[in-house]
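Asker: When you get a sec, could you give me coordinates for this:
(one chain, ligands or ions: 1)
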Amino acid sequence: MSKSLLWDNLDYQLQPWIRTAVDVMGFDEMTPVQASTIPLFARNKDVVVDSITGSGKTVSFVIPILEKIIIEEANSSKLKKGHFHSLIISPTRELAKQIQSVIESFLTHYPEDLYPIKSQLIVGTNTNTVRDNVSEFLDNRPQILVGTPGRIFEFLKSSGIKSKSCSMVILDEADRLLDVSFLKDIENIMQILPKQRRTGLFSATINSAGSNIFKIGLRNPVKVTVNSKILAPVTLSLNYAITEPEKKFQLFLSVLNNYKFKKCIAYFPTCISVQYYYSFIQHLVEKKIVNEDLQIFSLHGKLQTSSRMKTLETFTETLSNAVLITTDVAARGIDIPDVDLVIQLDPPTDADIFLHRCGRTGRANKIGKAITFLNKGREEDYVSFMEVKNVKLELIELDVQGIPEDFNKIFMDWILEDRARFDHALRSYVAYIRHYSNHSASSIFRFQSFDFVGLCRMYGLFRMPRMPEITKNFKDDVENPKVFSNGWLIDPPIDLDLFKYSDSKQEKKRLAELKAIKDVHDKKRLKFLLKKKNESWSNKTETKESKLERRAKMEIKRKAIEAELAKNDSENSDEEIEDWKQVVLQRKKKQKSSASGMQGSFDDL
Ligand SMILES: Nc1ncnc2c1ncn2[C@@H]1O[C@H](COP(=O)(O)OP(=O)(O)OP(=O)(O)O)[C@@H](O)[C@H]1O
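Answerer: You can find the predicted model right below:
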């Protein structure tokens, strides 16, 4: 045990009940980040903390907050109604909830005869409004608030909420909170809070925040960097496996069946792919193709908050043989005991997220393994790309051991039971293509060398959809022996007219549409109807209102451009007028292509 990490070696004495709490929690010594950060907060410094995943950053801000509240209470500066002492902001509700439970687990050791210390969660859920947050706050008078940016901003603006006593603010996963999606809310929150406050920023990838760190009014911050050369815990082994897309999902199942693990988190690229594969895996468990002992959970951003929280809770409480299929909603900060395996079906679009995902295992000196699947061909370059970033990945050989040879047929039979599954597969496929085109390392993740047929098979599609990305980059049927005419991947093709929805209402609607189309003999009208029908899963979600809104906006834009043209007509040369016309044309073209850009369809479906 290193002497400098002993709790009693801090340059001030911890409150006795906090000392008891760390003992009971089994924290024999401080982690390095705690040993550096706790004394800095005690000396009223602002801190920017960069320390690897699972290194105990949460406790390094929870203890100082609790200590400060007690010291200030002891100085009889009790908070008045509507005031609070500390604010902790996190990018996700799950993480906010987790931080609050760390606070609560400390508070179970707080002496009952002292003035009560309380915390409150300020996050949006499907059942509570910001008003509910406010009335709970005014009734309970908690000193510590933990929440997500949007809801906290709304909360702070509400009448009755007084921010001027807030003396500590923590941004956990600060680089995420300071990226474009949250920055505005964070800046707005900081403007409401008093300038005289202590601020702490924490992350395992804080450097990605760049100069945005200085947008939130830090005062002479001290940077705490623990082991700058190590980007991942030494107990975490980082592996990659090369696979063809067609075999990727089978490889994943084979790992689940054959690897010994307590808990596994598997990252899928999109919410819809989590939903889709989750239902297929249920079927595979029933068919005993996936180990029956495994308990499979799914978590993604499209689920309601209460069900997200519940899933996470149950997964946390399950002792072993548990698999969580999820998206990046569970990539950062989530601390679940005994996760010893992380699988990434695809590398994340943002390289920083790679470390956060892998870091769900190998935490607090426990052994963990993370395996990332890379598509054969171009994606192997990801290994050297990560090496430049100081992240070394080791190759691991995997095979589809134990997965039935007729797996593709089993997949297809499952889809054929219900046409809705085919729609789901198609939507997942399209979402994947959209996801793939967002990779920050675009020189590695390129469509030019992508195995579109393999991807179709991975999603169980037996026919290739038409999408601009595919038509642009895919060598056609003649050149590709795996594809039969009209994009079919099976021979003979199936009769799509006989492919039914299991939901009777949906099926009735389909049959009515089919009849309407068959009754049309006018070719032009038929083409129009087919086009409209094809939009069903991609575009029809757009409401009539939003279409009208968009049309109105386009009208305003068009008028502005025309006005500009007219102005230029009178003032400029013919050449400049021509340039302007080109701009208008290009703009229109761009709008057209982005509107149709991410659709997939079958002309005759
Ligand atoms: N002093 C300690 N000794 C042993 N374990 C500790 C100590 N402090 C915290 N832990 C445990 O370490 C684990 C990781 O802590 P925490 O979630 O705070 O990590 P983190 O650095 O915030 O990670 P991430 O960057 O992934 O959010 C938790 O399970 C926590 O209980």
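
Asker: can you list the residues of the stretch 351-500 of the chain near the ligand?
Answerer: Within the stretch 351-500 of the chain, the positions adjacent to the ligand are 359, 363-364 by CB under 6 Å from any ligand atom. Every C-beta, even on glycine, is put in place using the N, C-alpha and C of the backbone.

Asker: Low-confidence regions, this protein specifically.
Answerer: Low-confidence segments of the chain, defined by pLDDT under 70, span residues 1-3, 75-77, 228, 469-481, 520-526, 529-605.

Asker: How is it partitioned into domains?
Answerer: 7-225, 236-437 (the TED database).

Asker: Off-centre distance for the longest one?
Answerer: What that stands for is domain 7-225. How far domain 7-225 lies from its chain's middle: 23 Å, per CA atoms, centre = their mean, to the nearest Å.

Asker: Tell me the residues on the stretch 51-200 of the chain that lie near the ligand, please.
Answerer: Residues of the stretch 51-200 of the chain lying near the ligand (CB under 6 Å from any ligand atom): 51, 53-59.

Asker: Secondary structure and distance to E136 added to those, as CSV?
Answerer: What follows is those, written out as CSV (DSSP: H, G, I helix; E, B strand; the rest coil; distance: CB to CB, whole Å):
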residue, secondary structure, distance to E136
S51, coil, 33
T53, coil, 32
G54, coil, 32
S55, coil, 33
G56, coil, 30
K57, helix, 28
T58, helix, 23
V59, helix, 26
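
Asker: what's the most distant pair in these?
Answerer: T53 and V59 (14.4 Å; CB to CB).

Asker: Look up the closest residue to the residue in the stretch 101-250 of the chain that the ligand sits nearest to, ignoring the ones flanking it.
Answerer: For the stretch 101-250 of the chain, the residue closest to the ligand is A204, as judged by CB to the nearest ligand atom, at 4.1 Å. Using CB to CB, 6 or more residues apart in numbering and skipping the chain neighbours, the partner closest in space to A204 is T53 (4.7 Å).

Asker: I figured that neighbour hits G359, correct?
Answerer: Yes. Between T53 and G359 there is a contact at 2.4 Å, judged by CB atoms under 8 Å.

Asker: so what sits against both of those two?
Answerer: Common contacts of T53 and G359 (CB atoms under 8 Å, 6 or more residues apart in numbering): 204, 232-233.

Asker: Need those residues in JSON lines (columns: neighbour count).
Answerer: Shown next, in JSON lines, are these (neighbours: other CB atoms under 10 Å):
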{"residue": "A204", "neighbour count": "25"}
{"residue": "A232", "neighbour count": "22"}
{"residue": "P233", "neighbour count": "24"}
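
Asker: Tell me how many other residues crowd the residue nearest to A204.
Answerer: Here the count is done by other CB atoms under 10 Å, and T53 has 25 residues near it.

Asker: How about L398?
Answerer: Neighbour tally, L398, other CB under 10 Å: 18.

Asker: likewise I189?
Answerer: I189 is flanked by 24 other residues according to other CB under 10 Å.

Asker: OK, contacts around the residue nearest to it when sequence neighbours are not counted?
Answerer: Nearest non-adjacent residue to I189, counting by CB to CB, 6+ apart: F153, 5.3 Å away. Neighbour list for F153: 185, 188-189, 192 [criterion: CB under 8 Å, 6+ apart].

Asker: repeat that with 10 Å
Answerer: Shown in contact with F153 (CB atoms under 10 Å, 6 or more residues apart in numbering): 89, 122, 130, 147, 184-189, 191-192.

Asker: for T108, same thing?
Answerer: By CB under 10 Å, 6+ apart, the residues touching T108 are 17, 21, 24.

Asker: returning to that earlier point: top of the residues of the stretch 51-200 of the chain next to the ligand by neighbour count?
Answerer: K57 (27 neighbours).

Asker: Leaving out the residues flanking it, which one is nearest to that residue?
Answerer: Using CB to CB, 6+ apart, the nearest residue to K57 is F202, at 4.7 Å.

Asker: Residue of the stretch 451-600 of the chain closest to the ligand, please.
Answerer: Residue nearest to the ligand within the stretch 451-600 of the chain: M458 (29.6 Å; CB to the nearest ligand atom).

Asker: What are the neighbouring residues in contact with V123?
Answerer: By CB under 10 Å, 6+ apart, the neighbours of V123 are 90, 92-97, 100, 133, 146-148, 150-152, 155, 305, 309.

Asker: now D352, what's its secondary structure?
Answerer: Three-state assignment for D352 (DSSP: H, G, I helix; E, B strand; the rest coil): helix.

Asker: Nearest residue to it in space, please, no chain neighbours.
Answerer: Nearest residue to D352 in three dimensions, chain neighbours excluded: T205, at 4.2 Å (CB to CB, 6+ apart).

Asker: Hmm, that neighbour is touching R176, no?
Answerer: Yes. Between T205 and R176 there is a contact at 8.6 Å, judged by CB atoms under 10 Å.

Asker: where do the contact lists of the two overlap?
Answerer: With CB under 10 Å, 6+ apart as the test, T205 and R176 both reach 332, 350, 352-353, 356.

Asker: Looking at neighbours, which among these is most surrounded?
Answerer: Within the shared contacts of T205 and R176, most neighbours by other CB under 10 Å means R332, with 26 neighbours.

Asker: And stretch 188-201, end to end?
Answerer: 17 Å (CA to CA, to the nearest Å).

Asker: and what of stretch 314-330?
Answerer: Note: stretch 314-330 ends 14 Å apart using CA to CA.

Asker: Give me the distance between the residue lying closest to S165 once chain neighbours are set aside and the ligand.
Answerer: Nearest non-adjacent residue to S165, counting by CB to CB, 6+ apart: H83, 4.0 Å away. Here the criterion is CB to the nearest ligand atom, to the nearest Å. By it, H83 lies 28 Å from the ligand.

Asker: could we number from 30 for the rest of this?
Answerer: With the count now opening at 30, the last piece we talked about shows up as H112.
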